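> Output the structure for:
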Amino acid sequence: MTIPFNKPYLTGNEIEFIQDAVSEGHLSGNGKYTKLCHQWFEAQYGFGKCLLTSSCTDALEMAAILLNIGEGDEVIMPSYTFVSTANAFVLRGAKIVFADSSAHNPNIDAAAIEPLISQRTKAIVVVHYAGVACDMDAIMQLANEHNLFVVEDAAQAIDSYYLRPCGERKALGSIGHLAAFSFHETKNITCGEGGMLVVNEMAFAERAEIIWEKGTNRSAFFRGEVGKYGWVDIGSSFLPSELAAAFLYGQLTNLEHIQEKRRLCWQAYSDALQPLQVAGLFSLAELPEYATNNAHMFYIICRDIHVRSTLIEYLKAKGILVVFHYLSLHKSPYYCNKHDGRELPHADFYCERVLRLPMFVNLNPQSVIAELVHCLESQ
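Numbering: from 1, shown residues only. Okay, the predicted model is just below:
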């Protein structure tokens, strides 16, 4: 028996749409399927302008360019995140000011942000860990008070929502000025490698398209808005091919089915492992009252790093791949000497204790649960 951590799911439509893209004769970016994906996201979630990218990293780099991040600017973000979140802004010359995670989940602690704001702060980047919303009303209010931009790193957050007290549901990625999504093969929907920039602050929309098209106004030219196109700004080749967009569209047309299957798997884990949490063997993730669960990830919080290491080795020997997650960026070899020295205990807590279990469509989690229970109860 071998159970991988992740297994990409094929809906059956991907090859059909790829063949159609080939027959259309347009394989480079911004063709029929790119446009269909843009329209789908904008209609489904109320996003502003959507631009598919080759990766979520590309989308974050576009966000940094759009915000005119430069030398001397400061950007606040959680330490407990993937390196791309920070690297996109470091590439533009920013100083990263790391905030701690919440005591209740790995997301940025909204109450920890304001003391970090200075005259040089230009943006706040939030990461919706495991597809669970950060406290967006509090963060947006703070950003408005200090005239700051908010970027949502929504890499894991497709089809997840922020719930307001009035009952309004806002899709994650639709709240900040900009947002970035991932369609890497480990995500709920995928095209192998891929991402998307969402522009909710429409003052950025025209420039975003130019940056996306290598710094040219090529898209405007093909819409007949200009007589010729040329180099008008900085940019890069951020577009994915039509083959990737066609694959992604095949996933989008089956999103409801994918999400239903993932939620069943997530709930099976939760139901079976609740008694072990009650027994104090580990903790389960907390879902804030303002957040929904998109079943991107199922993780447990081990009692300490030694328990986690034991579980990883035991389950690996049984053919089950379970993995830890981020290392605190403020302690990373690259940035530790640039960090201001503050302790970020909650980021370090999750760094040492989070253990992610296999999660994919068509997974039967019972074998994972049985071996996990056996190992924990034998310790």
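> Can you show me the CA trace of the helix or strand of the chain with the lowest mean pLDDT as CSV?
In the chain, no helix or strand scores lower on mean pLDDT, DSSP states H and E than helix 218-222, which sits at a mean of 81. What follows is helix 218-222 as a C-alpha-only set of coordinates in CSV (Å, rounded to 0.1, in the frame of the first residue of the first chain):
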residue,chain,number,x,y,z
ARG,A,218,-0.5,44.4,-26.9
SER,A,219,-3.8,43.4,-25.4
ALA,A,220,-5.3,46.8,-26.1
PHE,A,221,-4.0,46.6,-29.6
PHE,A,222,-5.8,43.3,-30.3
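> other SSEs contacting it?
The contact analysis (3 or more Cβ pairs under 8 Å, 6 or more residues apart in numbering; DSSP states H and E) places helix 218-222 against helix 205-212. For every residue, glycine as well, the C-beta is placed using N, CA and C.
> Do a quick rundown of the helices in the protein.
14-24, 32-45, 56-66, 83-90, 136-146, 205-212, 218-222, 242-252, 255-278, 305-317, 345-353, 366-378 (DSSP state H).
> From Q141, how far out is the residue nearest to the spatial centre of the chain?
Against the mean C-alpha coordinate of the chain, by Cα atoms, centre = their mean, the closest residue is A155 at 1.4 Å. A155 sits 24 Å away from Q141, going by Cβ to Cβ, to the nearest Å.
> What of T310?
Taken as Cβ to Cβ, the span from T310 to Q141 is 44 Å.
> more neighbours, the two?
T310 (15 against 12; other Cβ atoms under 10 Å).
> quick one, what contacts that one?
In this structure, T310 makes contact with 375, 379, judged by Cβ atoms under 8 Å, 6 or more residues apart in numbering.
> Looking at the helices of the chain, spot the one closest to F360.
F360 sits nearest to helix 255-278 of all the helices of the chain, at 7.7 Å, using Cβ to Cβ.
> And the average pLDDT for that closest one is what?
Summarised as a single mean, pLDDT over helix 255-278 is 97.
> Flag every buried residue along that helix.
Burial within helix 255-278, assessed by neighbour count using 16 or more other Cβ atoms under 10 Å, is assigned to 255, 258-259, 261-262, 265-266, 268-269, 272-273, 276.
> now the residue lying farthest from the centre of the chain, nearest residue through space, not along the chain?
Going by Cα atoms, centre = their mean, the residue of the chain most distant from its centre is G227, 38.3 Å out. Closest residue in space to G227, ignoring its immediate chain neighbours: F221 at 7.8 Å, by Cβ to Cβ, 6 or more residues apart in numbering.
> Could you double-check that the one you found sits in contact with K228?
Yes: F221 is within contact range of K228, at 6.4 Å (criterion: Cβ atoms under 8 Å).
> OK, contacts around E168?
E168 neighbours (Cβ under 8 Å, 6+ apart): none.
> And for Y299, the neighbour number?
If we define neighbours as other Cβ under 10 Å, then Y299 has 24 of them.
> repeat for E213
Residues contacting E213 under the criterion other Cβ under 10 Å number 25.
> and it, what does it touch?
Neighbouring residues of E213 by Cβ under 8 Å, 6+ apart: 30, 219, 235, 239.
> Was I right to think the second one contacts I211?
Pointing back at S219 there. No: S219 is not in contact with I211 according to Cβ under 8 Å; the separation is 11.0 Å.
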